[in-house]
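> Quick one: sequence plus predicted model below, questions after.
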Amino acid sequence: MKDFRDKVVVITGAGSGMGRDLAVKMGQMGARLAISDINPNGLAITEQLVAETGAEVHAQVLNVAEREAMLDYAETVVAHYGTVNVIFNNAGIAHHGEIEYTDFKVFDRVMDVDFWGVVNGTKAFLPHIIASGDGHIVNVSSLFGLLSEPGQSAYNSAKFAVRGFTEALAQEMVIAKHPVKVSCVHPGGVKTAIARNATTSGDHDQSQSADFFERYFLRMNSAKAADIIISGVRKDRSRILVGTDALVLDLWVRLMPSAYKSIMARVVGWALPKAR
């Protein structure tokens, strides 16, 4: 998909961060937008920003973890625009805490949003994207879908699952000869609200954990990240690595698939106590 003009583009988690920047940039490219977020205030701001580009925009408050709501949303968007060409399954949440101290319900919550939200969005819109004759599904995983980090087990689990799901989907579209491209996005340290809005368990202080990640890891602004993602989609890349950290650490894991874990454990074990 080289040109987004007049294409119908769906973006979840559009109320802030990469979702907002993707929506604005898609609007500037002449796309017709369907944006959603669980936060009505953030969504309203994005809607206004997209409208200022002159693009048509449909906005709806949505919890991607609610499957029936997502299925209804897909029908609403198709009824509004008549078709759907692209979906960015971007909505996500984070949690920091060791497995020993993390409740089952936390794993459920993170998986519901970060993994099942992607599955729900894909399944709800896939028939319409196939029918469009020119479609693309973009699922946002993470750097933590390429490597594991202590204290990120719930997030790692969901993002690794997104990667596996998306790569399987890409192969199935080829076998079925459907006119649909599929991309899995792995952002590295991007400055969004996800760290600030993350929950914690054990003895981790949420504010200090957020300060730590924002100071040392979240370096790229979300507008630049959106540019990289859009470029990757236009080039039909099946894997889109966002940021030098994602590129370097992906290579590191490929070269040291076993050894990286012990190194990571030592580094994180040394660094994180200073952030508490």
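Looks like it came in fine. Numbering: from 1, shown residues only.
> C-alpha from now on. contacts and neighbour counts both.
Will do.
> who touches Val118 in this structure?
64, 89-90, 139, 162 (CA atoms under 8 Å, 6 or more residues apart in numbering).
> Most neighbours among the residues you listed, which one?
Val64 (30 neighbours; other CA atoms under 10 Å).
> which residue ranges form the strands in this structure?
Along the chain, counting by DSSP state E, strands occupy 8-11, 32-37, 57-61, 86-89, 95-96, 135-140, 180-187, 190-191, 199-200, 220-221, 239-242.
> Which one of the ones you listed has the poorest average confidence?
For the strands of the chain, the weakest mean pLDDT is recorded on strand 190-191, namely a mean of 74.
> State the distance from Asp114 to Gly121.
Per CA to CA, to the nearest Å, Asp114 is found 11 Å from Gly121.
> Return the per-residue confidence for the residue nearest to Lys2 when sequence neighbours are not counted.
Leaving aside its sequence neighbours, Lys2 sits nearest to Arg234 (CA to CA, 6 or more residues apart in numbering; 4.9 Å). Here, the pLDDT recorded for Arg234 equals 96.
> Tell me how many other residues surround Arg234.
14.
> Quick check: which ranges of this protein have low pLDDT?
191, 193-196, 204-218, 271-276 (pLDDT under 70).
> The longest helix along it: which residues count as buried?
The longest helix of the chain (DSSP state H) is helix 153-176. By 16 or more other CA atoms under 10 Å, the buried positions in helix 153-176 come out as 153-163, 165-167, 169-170.
> Going by distance to Asn197, which of the residues you listed wins?
Tyr155 (13.5 Å; CA to CA).
> Spatially, what comes nearest to the closest one if we skip its sequence neighbours?
Ala94 (5.9 Å).
> The one you found contacts Ala198, doesn't it?
Yes: the criterion here is CA atoms under 8 Å, and Ala94 meets it with Ala198 at 4.8 Å.
> Show me which of these two is the more surrounded one.
Ala94 (22 against 15).
> Report the buried residues of stretch 4-23.
4, 7-23.
> related to what we said a few turns ago, tell me the angle the longest helix of the chain makes with strand 180-187.
Orientation check (axes from the mean of the first three to the mean of the last three CA atoms, to 10 degrees): helix 153-176 against strand 180-187 gives 160 degrees.
> residue contacts, Phe115?
Per CA under 8 Å, 6+ apart, neighbours of Phe115: 158-159, 161-162.
> Can you give me the distance of Val61 to Thr53?
Val61 is 21 Å from Thr53, by CA to CA.
> With neighbour numbers in mind, choose between these two.
Val61 (19 against 15).
> What distance do you get for the more buried one to Val24?
From Val61 to Val24 the distance is 18 Å (CA to CA).
> for Leu241, same thing?
From Leu241 to Val24 the distance is 21 Å (CA to CA).
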